[in-house]
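Participant: need a structure here:
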Amino acid sequence: MPLIRVEKPRPHTSVITMNRPERMNSMAFELMLPLHDAFRQVSEDADTTCVILTGAGRGFCSGADTEHSEPPPNIEGMTLTRIATKSMSILADLVPAMQRMPQPVVCAINGPAIGGGFCLTLGADIRIAAESARFRAAGINNGLTATELGLSFLLPRAIGSSRAFEFMLSGRDMDAREAAEIGLVSRVVPDEALLEAALDLADRINGWSAQGVALTKRMMWAGLETGSLRAAIELESHTQLYVRLTTKNFEEAVAARKEGRPPEFRD
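Facilitator: Residues are numbered from 1 along each chain as shown. Alright, predicted model coming up:
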């Protein structure tokens with residue numbers, strides 16, 4: 001049984017499923033390394049224009065594996081500190097890898113997203129939660145820090161600094177309803193409707209220009225790190241002009257509206 005499944009249930013949408021339900025899809029290297037490979041594989045698939053990430057079973061990802069786990073590969077002869085650095089580097093690149101993908105990533109959170117699993121949801125562009133979803137920055141509960149895998153950067157930008165401080169320092173759980181109320185997730189749906197909701201959203205995204213969507217994603221992430229309004233506008237202006245002048249998408253949109261039909265963007 002593959003630990004990572006990659007499927008295309010609908011045109012142009014790839015669903016990546018973490019498939020170790022008996023361990024709540026915990027972040028063991030035997031699961032995370034193939035997840036890296038899946039991100040790379042799907043990002044290079046020209047036919048895929050939207051990606052859904054989810055977990056098998058009753059949980060999205062429970063974070064650190066507290067049972068026996070395989071060590072990272074190629075560590076023969078390394079000291080403990082070098083092994084630790086290599087291990088953290090593998091995990092730390094998961095969120096940047098999701099952001100590097102040209103396709104939007106929709107996270108379908110099908111249950112608990114704990115610790116590193118919670119961090120993983122913050123790497124997605126859009127988050128939809130099942131009613132059973134819950135979240136915890138669990139490092140603090142384990143005598144460590146709550147800050148890992150980019151969480152100290154991403155969470156305050158998603159929900160505001162005061163809420164982020166309270167959530168990360170208290171070590172408490174947040175349920176799906178609260179997550180929706182504060183903007184951590186876009187919406188909450190019944191468990192049995194989660195994947196269908198994510199696929200429907202992907203279908204809508206796939207109806208637009210693949211180039212326009214990909215560059216919008218890049219600009220949104222760049223905007224979170226841009227230092228001023230003027231710099232953001234400059235970046236947006238160049239991106240908008242690039243698509244306007246190098247494609248016939250705008251003309252197709254105008255024609256489609258006049259003819260009462262969906263546009264067919266060819267980029």
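Participant: quick one, helices of this structure?
Facilitator: 29-43, 80-92, 94-100, 116-122, 151-159, 161-170, 176-181, 194-206, 210-225, 229-246, 249-259 (DSSP state H).
Participant: any chance of those in a markdown table, with mean neighbour count too?
Facilitator: Glycine gets a C-beta too; all of them are placed from N, C-alpha and C. Shown next, in a markdown table, are the helices of the chain (neighbours: other Cβ atoms under 10 Å):
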| stretch | mean neighbour count |
| --- | --- |
| helix 29-43 | 18 |
| helix 80-92 | 13 |
| helix 94-100 | 18 |
| helix 116-122 | 26 |
| helix 151-159 | 17 |
| helix 161-170 | 15 |
| helix 176-181 | 18 |
| helix 194-206 | 18 |
| helix 210-225 | 16 |
| helix 229-246 | 12 |
| helix 249-259 | 13 |
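Participant: among those, which gets the worst mean confidence?
Facilitator: In terms of mean pLDDT, the lowest-scoring of the helices of the chain is helix 80-92 (a mean of 81).
Participant: what's it packed up against?
Facilitator: When contacts are defined as 3 or more Cβ pairs under 8 Å, 6 or more residues apart in numbering; DSSP states H and E, helix 80-92 packs onto helix 29-43.
Participant: how far is the helix it packs on from where the chain is centred?
Facilitator: Offset of helix 29-43 from its chain centre (Cα atoms, centre = their mean, to the nearest Å): 13 Å.
Participant: Identify all contacting residues around that helix.
Facilitator: 2-4, 6, 14, 16, 18, 20, 25, 48, 51, 69-73, 87, 90-91, 93-94, 97-98, 100-103 (Cβ atoms under 8 Å, 6 or more residues apart in numbering).
Participant: now swap in stretch 152-160 and tell me
Facilitator: In contact with stretch 152-160 (Cβ under 8 Å, 6+ apart) are residues 95, 119, 122-123, 137, 164-165, 167-168, 182-184, 224.
Participant: hmm, back to that, narrow the contacts of helix 29-43 to those that are buried.
Facilitator: 3-4, 6, 14, 16, 18, 20, 25, 48, 51, 69, 72, 91, 94, 97-98, 101-103 (16 or more other Cβ atoms under 10 Å).
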